[in-house]
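> sharing a model prediction with you, sequence too.
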Amino acid sequence: MGAVAEVAVVSTDEKGKAPWLRFAFLVAAIFIMISFAIALLPFKIPRFTFERWTLPMPFTIFYSISFLVSGVWMMKNLQNVKENLYAMGLALVIFNLGYFMDVKVQRSEKTLEEMARIKSQLPPDVNLVSLGITNHKFTYYYGKFVKALPVDCDGEGITYFCFDPCLIDVGKITFPWKQVDTFSITRDFMDQKRFVVLAKKGS
């Protein structure tokens with residue numbers, strides 16, 4: 001926004017308001033188009049369904065109206081550089097810290113719930129280890145130190161362990177084991193899944 005404000009001031013001082021008017025009109029038109037696009041997202045239109053960008057109706061109405069008001073305000077006040085900058089700044093804040101973040105949160109994995117489920121299946125005094133270096137997201141949410149052991153270790157002293165199938169060769173595990181659960185390390189649940197496996201050493 002600082003760069004836009006500087007260009008606006010320089011262009012209006014040196015070249016008059018014509019360049020700024022064209023730019024402000026274009027931005028206002030884009031805001032209005034965005035408002036209609038957000039409003040249409042909940043409707044199932046063939047070939048134009050974008051479920052990952054669709055929010056619940058109250059959020060949809062709020063963001064659609066916000067962009068529409070910003071665009072119309074700018075259209076009606078093209079001559080006023082300062083007010084246009086305020087409208088632009090507010091609209092961008094609403095988009096980045098509002099709409100975009102709500103979309104990200106809506107389609108994010110419920111990581112805390114998943115880790116709570118993982119921990120509920122482990123004894124309170126368990127010494128969880130990993131075979132190879134496991135994914136950092138798992139260890140972060142687990143909240144305790146997870147010692148990394150070689151994949152081909154003999155399994156001595158191991159009861160429960162975890163591993164990231166993408167980071168080790170599972171075929172090199174030398175002792176019997178069974179899968180207990182999986183922990184998703186995919187941030188967006190609409191993306192291709194990747195898991196850390198929680199396992200227990202077999203007899």
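Yep, that arrived. Residues are numbered from 1 along each chain as shown.
> who touches stretch 140-158?
Counting by Cβ atoms under 8 Å, 6 or more residues apart in numbering, stretch 140-158 makes contact with 111-112, 114-115, 118-119, 127-134, 138-139, 161-163, 168-169, 172-175, 201, all of which sit outside it. To be clear about C-beta, it is placed using only N, CA and C from the backbone, and glycine gets the same treatment.
> buried set for it?
Within stretch 140-158, the residues that qualify as buried by neighbour count (16 or more other Cβ atoms under 10 Å) are 141, 142, 146, 149, 151, 153, 155, 158.
> ok, now stretch 96-116?
By neighbour count with 16+ other Cβ under 10 Å, stretch 96-116 contains the buried residues 99, 103, 107, 109, 111, 114, 115.
> state the distance from the fifth one to residue 161.
The reference is to residue 111. Here the criterion is Cβ to Cβ, to the nearest Å. By it, residue 111 lies 20 Å from residue 161.
> now do the contacts for residue 86.
Remark: with contacts taken as Cβ under 8 Å, 6+ apart, residue 86 is in contact with nothing.
> repeat that with 10 Å
Under the criterion of Cβ atoms under 10 Å, 6 or more residues apart in numbering, the contact partners of residue 86 comprise 1, 70, 73, 74, 77, 80.
> before we move on, what SS does it have?
Here residue 86 is helix, with the state taken from DSSP: H, G, I helix; E, B strand; the rest coil.
> what does the one 4 residues further on give?
For residue 90, the secondary structure call by three-state DSSP comes out as helix.
> per-residue pLDDT, the closest residue to it other than its chain neighbours?
Using Cβ to Cβ, 6 or more residues apart in numbering and skipping the chain neighbours, the partner closest in space to residue 90 is residue 70 (6.5 Å). Residue 70 is assigned 92 on the pLDDT scale.
> residue 70 is in what secondary structure piece?
When secondary structure is defined using DSSP states H and E, the element that contains residue 70 is helix 57-76.
> what's the offset of that helix from the middle of its chain?
Average the C-alpha atoms of helix 57-76, do the same for its chain, and the two points are 23 Å apart (Cα atoms, centre = their mean, to the nearest Å).
> could you do stretch 86-103 as well?
15 Å.
> which residues touch residue 67?
Here residue 67 is in contact with 30-39, 91, 94-95, 99 (criterion: Cβ under 10 Å, 6+ apart).
> now it: closest residue in space that isn't a chain neighbour?
For residue 67, ignoring the flanking residues on the chain, the nearest one in space by Cβ to Cβ, 6+ apart is residue 35 at 3.7 Å.
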